[in-house]
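Asks: mind folding the following:
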Amino acid sequence: MNVCEVCGNRYDKAFQVTRQGVTHIFDSFECAIQALAPTCDHCGCRVIGHGVEKDNVIYCCAHCAEQKGVTEMVDRA
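Replies: Below is the predicted model:
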């Protein structure tokens, strides 16, 4: 059985994710998100959707980007 690199759980249904040539093993999407998802530069939450980005800085939403001075982002038109 494979061992999840985040929680250490041994699980027969663990899966691999390869990112930038490095393979990771997880027992759940929750652990994969904790290990691989970027965090919002303002609030620190994990960005598991598209998020928004400006100058290589990632935010979870336009509101958080605005709080950091990025005014071009909008959640809705």
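
Asks: how much space separates residue 54 from residue 34?
Replies: For residue 54, the distance to residue 34 equals 25 Å [Cβ to Cβ, to the nearest Å]. Glycine gets a C-beta too; all of them are placed from N, C-alpha and C.

Asks: can you give me phi and psi for residue 25?
Replies: phi -120, psi 130 (degrees, to the nearest 10).

Asks: what ranges does this structure have for its helices?
Replies: Per DSSP state H, the chain carries helices over the ranges 29-36, 62-67.

Asks: just name the most buried of these.
Replies: helix 62-67 (a mean of 18; mean count of other Cβ atoms under 10 Å).

Asks: what is the mean pLDDT for it?
Replies: The pLDDT scores in helix 62-67 average 96.

Asks: which residues does that helix contact?
Replies: By Cβ atoms under 8 Å, 6 or more residues apart in numbering, the residues outside helix 62-67 that reach it are 40-43, 52, 54, 59, 73-75.

Asks: and the residues you listed, which of them are buried?
Replies: 40-42, 52, 59 (16 or more other Cβ atoms under 10 Å).

Asks: among those, which one sits closest to residue 28?
Replies: Comparing these against residue 28 with Cβ to Cβ places residue 40 closest, at 21.8 Å.

Asks: C-alpha coordinates for stretch 21-39, PDB please?
Replies: The C-alpha coordinates for stretch 21-39 follow below in PDB (Å, rounded to 0.1, in the frame of the first residue of the first chain):
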ATOM      1  CA  GLY A  21       8.300  16.300 -13.100                       C
ATOM      2  CA  VAL A  22       7.900  15.400  -9.400                       C
ATOM      3  CA  THR A  23       5.400  12.600  -8.500                       C
ATOM      4  CA  HIS A  24       3.400  12.900  -5.200                       C
ATOM      5  CA  ILE A  25       1.300  10.300  -3.500                       C
ATOM      6  CA  PHE A  26      -2.000  11.200  -1.800                       C
ATOM      7  CA  ASP A  27      -4.900   9.300  -0.200                       C
ATOM      8  CA  SER A  28      -7.400  12.000  -0.900                       C
ATOM      9  CA  PHE A  29      -8.000  15.200  -2.900                       C
ATOM     10  CA  GLU A  30      -8.000  17.000   0.400                       C
ATOM     11  CA  CYS A  31      -4.400  16.100   1.100                       C
ATOM     12  CA  ALA A  32      -3.500  16.800  -2.600                       C
ATOM     13  CA  ILE A  33      -5.000  20.300  -2.200                       C
ATOM     14  CA  GLN A  34      -3.100  21.000   1.000                       C
ATOM     15  CA  ALA A  35       0.200  20.000  -0.600                       C
ATOM     16  CA  LEU A  36      -0.200  21.500  -4.100                       C
ATOM     17  CA  ALA A  37      -2.800  24.200  -4.300                       C
ATOM     18  CA  PRO A  38      -1.400  27.800  -4.100                       C
ATOM     19  CA  THR A  39      -2.500  30.100  -1.400                       C
END
